[in-house]
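Asks: please find the sequence and the predicted model below.
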Amino acid sequence: MIIAIKMKLTLNIKTFIFVLFCIAFANNIFAQGISKYGQITSTSGDFVNQNGITGSIPKLNKHGQLVVNIGDSYLGGIVAYILQSGDPGYIAGQQHGLIAAPTDQSLGLQWYNGSYIATGATATALGSGNANTNTIVNIQGEGDYAAKLCYDLVLGGYSDWYLPSMDELTKLYINRVAIGGFTWTYWSSSEYIFTSYAWSLFFYDGTQQHRQKNLTTNVRAIRSF
């Protein structure tokens, strides 16, 4: 009986030491601001993202899945939107959405590549920005213009950035305070019905505008997660 008690006591001590080790290891990981899922910069219950905006630390749910919030630094940028039921690409029980680059890629760049040609990239819906960007680049080719700038962007370890569609850009406007770093008018990848125009959004008041493609306008790239 004494031997059994000693063995039980030894096992309990080993379990206790193992638990302490796990806690210490986890604290060390979070103290370094490291997460395999994203970028955590604090352990106090909130954090400051890359634009100085305070948000919550991403957490794991009961299934071990990461739960992120709009404004979190994550996967190369800042969470700009989380898909809701009814959105294209929404999957119940999973988090997917849009990541915005932390800063503008340009403070003034034209939409076209020197010629007013129809690209066919007229989609405005959520989830259409990537296809729009690919279409614009395929039609307009090499050059210095908004879609190509996003298409070529390598940032935060990712190279799948694109120029947002009009509805995607609207999500950025709605969550502009949590994301941070926005100024005036931004290009979308959505071409207007007239060849010489494309859609843009005025971030001062949310006005949607069709602007001539030759006008220099701000550019903010996004990617999907």
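Replies: Great, that's in hand.
Asks: and this protein, what are its domains?
Replies: Under the assignment automatic domain parsing, the domains of the chain span 2-76, 106-224.
Asks: where does the residue nearest to the spatial centre of the chain land in three-state SS?
Replies: The centre of the chain sits closest to Ile99, judged by CA atoms, centre = their mean, with a distance of 0.7 Å. Judged by DSSP: H, G, I helix; E, B strand; the rest coil, the three-state class of Ile99 is strand.
Asks: for it, which non-adjacent residue is closest in space?
Replies: Gly77 (4.2 Å; CB to CB, 6 or more residues apart in numbering). Every C-beta, even on glycine, is put in place using the N, C-alpha and C of the backbone.
Asks: just to revisit the earlier point, for the residue nearest to the centre of the chain, list the residues it contacts.
Replies: Residues in contact with Ile99 (CB atoms under 8 Å, 6 or more residues apart in numbering) are 74-80, 222-225.
Asks: now do it, the pLDDT please.
Replies: Note for Ile99: predicted pLDDT of 98.
Asks: tell me what it is bridged to.
Replies: Beta-bridge partners for Ile99, by DSSP bridges, are Val79, Arg223.
Asks: against Asn175, how distant is it?
Replies: Distance check for Ile99 against Asn175: by CB to CB, to the nearest Å, it reads 12 Å.
Asks: tell me, what's touching those two both at once?
Replies: With CB under 8 Å, 6+ apart as the test, Ile99 and Asn175 both reach Ala80.
Asks: show me the shaky parts of this protein.
Replies: 1-65 (pLDDT under 70).
Asks: if we use 90, what do you get?
Replies: 1-67 (pLDDT under 90).
Asks: all helices of it, in order?
Replies: Ranges of helices in the chain, per DSSP state H, are 2-31, 129-140, 146-152, 166-174, 176-179.
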